[in-house]
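1. using only what follows, build the 3D model:
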Amino acid sequence: MKRRLLLSLPLVGFIGLAIFLYMGLSMDPFGRDSARLSDAFPSFELSTLDDPDRRVDESLFEGEVTLVNVWGEWCPTCKQEMPQLLDLADRGIRLVGINYKDTRDKGREFLDEFGNPFEVNIFDPEGDLGFELGVYGAPETFLVDADGIIRYHHTGYIKPEDVRDTILPEVEKWQ
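-> Here you go, the predicted model:
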């Protein structure tokens, strides 16, 4: 009897582990909230993509609701979402870009090819600011209120229906 019980323990352990792993695989990685929600935008001082001598910091986000988009030339879905970002800029939404883990030349070429909806592009070649934001890949978008507080986080590229159903309502809520 004890031997049978001892032989069944590995089977029970395996079944438990299989259930745990299956549950993890069924989770939507894009549905996660940022740990930074309701926190102030992290402190930083970085140059802009266009001008290595121009330094910007978190005060950039004070006084106006801003969508902050993390993007990179190397990111295929960043190319897909550019029409939506250009549309948001045309609607008067303030956008600030974070050029993430890129080079200046490639970032500039990307914007020349796909358009530039951003008022400012922060150059983050090492990904330090992205790390502080909890970014694990591009594109990711954060809504920052006029007090510099992160109010919304969108993981993955922004689809046209996301603009209508989520982004615009969130911007309106915090204006």
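2. using the three-state scheme, assign residue 163.
-> Under DSSP: H, G, I helix; E, B strand; the rest coil, the three-state class of residue 163 is helix.
3. and for it, the neighbour number?
-> Residues lying near residue 163 (other CB atoms under 10 Å) number 20. From N, CA and C alone the C-beta is placed, and that goes for glycine too.
4. without its sequence neighbours, what residue ends up closest to it?
-> Once flanking residues are discounted, residue 163 sits nearest to residue 84: 5.2 Å by CB to CB, 6 or more residues apart in numbering.
5. contacts only, for the one you found.
-> 157, 158, 159, 160, 162, 163 (CB atoms under 8 Å, 6 or more residues apart in numbering).
6. can you map out the helices along the protein?
-> Using DSSP state H, the helices of the chain run over 2-25, 76-90, 104-114, 128-133, 160-162, 168-174.
7. average model confidence for the first one?
-> Mean per-residue pLDDT for helix 2-25: 55.
8. what does the fifth one give?
-> When pLDDT is averaged along helix 160-162, the result is 97.
9. which strands and helices sit next to it?
-> helix 76-90 (3 or more CB pairs under 8 Å, 6 or more residues apart in numbering; DSSP states H and E).
10. roughly how far out does the helix it packs on sit from the chain middle?
-> Computed by CA atoms, centre = their mean, to the nearest Å, the chain-centroid distance of helix 76-90 equals 14 Å.
11. just the angle between it and helix 104-114, please?
-> For helix 76-90 against helix 104-114, the angle by axes from the mean of the first three to the mean of the last three CA atoms, to 10 degrees is 60 degrees.
12. can you list the buried residues in helix 76-90?
-> Neighbour-count burial for helix 76-90 flags 78, 81, 82, 84, 85, 88, 89 (criterion: 16 or more other CB atoms under 10 Å).
13. nearest to residue 51, of those?
-> Using CB to CB, the shortest approach to residue 51 within the buried residues of helix 76-90 belongs to residue 89, at 20.0 Å.
14. close enough to count as contact, the closest one and residue 95?
-> Yes - counting by CB atoms under 8 Å, residue 89 touches residue 95, with 5.5 Å between them.
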